[in-house]
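>>> For reference, the sequence and a predicted model appear below.
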Amino acid sequence: MKATLTFARETRRRSGIVTVWVSITLFALLAIIGLALDTSYVYLTEHQLQNAADAAALAGAAQLQYGAANAVIAAQKAGEDNTAADANVVINGSDVVLGNYNLNKNTFSPGTTPYNAVQVTAHQTTASPAGATINLIFAPIVSALFNAHPPITTSTISESAIAMSALYAGVIVLDPQQSDAVALNGPASLVVFGGVVQVNSDAGSAVSMSAFTSILAKELRIAGYLSAGGFVTLPPQVATGATPIADPLASLSAPAIGPNLGTFKQTIGASRYALVPGYYAGGITLAGKNTLNLSPGIYVLGPPGLSVTGNAILNAPGVMFYLTGSGTSYGTINLGGSAEINVSAPVAGTYANVSFFENRDAPSTTVASITDNAFIDMSGTMYLPSIQLTISGSPNALIANQLIVDLLKITDSNVFINYDDRNPVVSNDVFLVQ
């Protein structure tokens, strides 16, 4: 009898312990489920705020080309068309930050011009940057039971996004209305590695291509229209009626003109020469089998400018040529014959990455030319904003990392631009970067 009573008491004691453990386990399970629900609600709100920030940044970036004020207004309106945590999203003026985004380094510089990006922070309250305050349901109960100080009752969230408004153009043809602003006569090709071809002319035949010609690039954008013969090759995307873009180097100032170092002209013989930077009022003319080595720096050249022909060799590392003059007579570029031309741009300073710069006052009748079978290996930006560049008879020419000209004519030649994302231009092409 005694054993039976002892067994009954033991059974009741174990049953009580099981009940306690079941209660604790059930409570813990409910707490976990409750916290999971709170967490899911927070994640949902973060997603809603991120959508609002993304929409606002894209809308603002699309309006950058029309001014900073328009960009801010567009970003606020697009963001506030969204809701998060059952309340309207708030985008204050201070939540919209304009700046410059470096795509190569993935860095955003607030307030730095030229503006090509918009950063937007989305939240719920009018006090920026308070964020969106989420009243949690289960977290306060759990924190109270575990005596947490301070108790967890809310979660404050804000989300940001950065969008760029930029066009990465390896070739920019600036003339606003000329027919045949870009003209290819076959067999000929213009190849832009990694960039867009932008033609600002709004003419009906802003780009003309005869049979057996090609333009190979990420995109061909024409403010006007294309006139093409049979058997032409075009990029996967061709946009006609596109918005013209601004000259990305319009603010680049002309270099100072120092003392006149005269004229360099060697057209016969097979000798080696060397020059230092400076102002050569009579330009540089090299022909025959002569070799000319230029020390790095800025070379200011009057007419005829830079002429390298025959079997001459020009080595110009870290050099920028500024071509200038007066009246109707300006220095230009004449590279031809079987010459070998090796040019790289300065890597630092005001004219970093610019290899050629034509005086903007040069008349449109001025023509820069690359002809015959010259071997061309040049890097940097070739910047000829007011004149025509003609390339003919040179079967393969690597002429620049970027080409900015008024007009471009290519005949019986393959022209290569090895674009490297330099000088992006504000446009209506927008995309998120962060």
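Arrived safely.
>>> from the middle of its chain, how far away would the biggest strand by length in the chain be?
The longest strand of the chain (DSSP state E) is strand 381-392. Relative to its chain's centre, strand 381-392 lies at 22 Å (CA atoms, centre = their mean, to the nearest Å).
>>> try stretch 257-273
Taking the mean of its C-alpha atoms, stretch 257-273 sits 39 Å from the chain's own mean (CA atoms, centre = their mean).
>>> What of stretch 297-307?
Here stretch 297-307 is found 30 Å from its chain centre; the criterion is CA atoms, centre = their mean.
>>> what pLDDT, on average, does it get?
Mean pLDDT, computed over stretch 297-307, is 98.
>>> same deal with stretch 170-185?
The predicted confidence, averaged over stretch 170-185, sits at 96.
>>> do the same with stretch 387-404
In this model, stretch 387-404 carries a mean pLDDT of 89.
>>> Report the buried residues of that stretch.
Within stretch 387-404, the residues that count as buried by 16 or more other CB atoms under 10 Å are 387-392, 394, 397-404. Glycine gets a C-beta too; all of them are placed from N, C-alpha and C.
>>> This structure: helices as residue ranges?
Listed from the start of the chain, the chain has helices (DSSP state H) covering 2-62, 68-80, 139-145.
>>> Surely Ile333 and Ser369 touch.
Yes - counting by CB atoms under 8 Å, Ile333 sits close enough to Ser369 to count as a contact (6.8 Å).
>>> which neighbours do the two share?
For the pair Ile333 and Ser369, residues contacting each of them under the criterion CB atoms under 8 Å, 6 or more residues apart in numbering are Leu389.
>>> Out of these two, name the residue with the larger neighbour count.
Ile333 (26 against 19; other CB atoms under 10 Å).
>>> Who does that one form a beta bridge with?
According to DSSP bridges, the partner residues bridging Ile333 are Leu306.
>>> Okay, now the unreliable bits of this protein?
With pLDDT under 70 as the threshold, the chain has low-confidence stretches at 1-43, 85, 104, 124-157, 394-395, 428.
>>> redo that, cut-off 50
Screening the chain residue by residue with the criterion pLDDT under 50, one finds the ranges 1, 5, 7, 126-139, 143-155.
>>> From the chain's centroid, how far away is stretch 201-212?
Here stretch 201-212 is found 26 Å from its chain centre; the criterion is CA atoms, centre = their mean.
>>> That should have said stretch 215-223, apologies.
From the chain centre to the centre of stretch 215-223 is a distance of 16 Å (CA atoms, centre = their mean).
>>> Same check on stretch 174-183?
The answer for stretch 174-183 is 24 Å, by CA atoms, centre = their mean.
>>> what comes into contact with that stretch?
173, 190, 197, 199-209, 223, 244, 247, 385, 404-410.
>>> Need the CA coordinates for it. PDB is fine.
Taking only C-alpha atoms (Å, rounded to 0.1, in the frame of the first residue of the first chain), the coordinates of stretch 174-183 have been written out as PDB:
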ATOM      1  CA  LEU A 174      28.300  67.800 -81.600                       C
ATOM      2  CA  ASP A 175      27.000  69.600 -84.700                       C
ATOM      3  CA  PRO A 176      23.300  70.300 -84.000                       C
ATOM      4  CA  GLN A 177      21.900  70.300 -87.600                       C
ATOM      5  CA  GLN A 178      24.300  69.200 -90.200                       C
ATOM      6  CA  SER A 179      23.300  66.500 -92.700                       C
ATOM      7  CA  ASP A 180      25.800  63.600 -92.800                       C
ATOM      8  CA  ALA A 181      27.200  64.700 -89.500                       C
ATOM      9  CA  VAL A 182      28.500  61.200 -89.400                       C
ATOM     10  CA  ALA A 183      29.200  59.700 -92.800                       C
END
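>>> Can you list the buried residues in that stretch?
Neighbour-count burial for stretch 174-183, with 16+ other CB under 10 Å as criterion, is recorded at 174-175, 178, 180-183.
>>> One more: stretch 233-251?
Residues of stretch 233-251 classed as buried under the neighbour-count rule (16+ other CB under 10 Å) are 234-235, 238, 242, 244-245, 247-248.
>>> Tell me which entries of the residues you listed lie within strands.
Taking DSSP E, the ones among those that sit in strands are Val238.
>>> Could you dump the buried residues of stretch 233-251 into a markdown table and include distance to Asn82?
As requested, the buried residues of stretch 233-251 are exported to a markdown table (distance: CB to CB, whole Å):
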| residue | distance to Asn82 |
| --- | --- |
| Leu234 | 39 |
| Pro235 | 36 |
| Val238 | 35 |
| Ala242 | 30 |
| Pro244 | 33 |
| Ile245 | 31 |
| Asp247 | 37 |
| Pro248 | 34 |
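>>> and which of the buried residues of stretch 233-251 is nearest Thr309?
Asp247 (30.4 Å; CB to CB).
>>> OK, contacts around that closest one?
Under the criterion of CB under 8 Å, 6+ apart, the contact list for Asp247 reads 172, 174, 385, 404.
>>> what sits opposite the last one in the beta ladder?
It refers to Ile404. Beta bridges link Ile404 to Ile172, Tyr383, judged by DSSP bridges.
>>> Domain map for the protein?
By the assignment in automatic domain parsing, the chain contains the domains 2-165, 169-432.
>>> Can you tell me which of those is most buried?
Counting by mean count of other CB atoms under 10 Å, domain 169-432 has the highest mean neighbour count of the domains of the chain, with a mean of 19.
>>> Ala242 - nearest residue in space that isn't next to it in sequence?
Arg221 (4.1 Å; CB to CB, 6 or more residues apart in numbering).
>>> which residues does the one you found bridge with?
Gln198, Ala239.
>>> Thought Val196 was touching it, still the case?
Yes - checked against CB under 8 Å, the pair Arg221 and Val196 is within contact range at 6.1 Å.
>>> Common neighbours of those two, please.
Common neighbours of Arg221 and Val196 are listed as 167, 169 (criterion: CB under 8 Å, 6+ apart).
>>> show me what contacts Met164?
Here Met164 is in contact with 61, 101, 103, 116-117, 424, 430-433 (CB under 8 Å, 6+ apart).
>>> Quick check: the two most widely separated of these?
When the contacts of Met164 are compared pair by pair using CB to CB, the farthest-apart members prove to be Pro424 and Leu432, with a separation of 15.4 Å.
>>> Which residues are in contact with Asn200?
Shown in contact with Asn200 (CB under 8 Å, 6+ apart): 172-176, 181, 223, 244-245.
>>> one more time with 10 Å
Contact criterion CB atoms under 10 Å, 6 or more residues apart in numbering gives 172-178, 181, 206, 221-224, 242-247, 406 as the residues in contact with Asn200.
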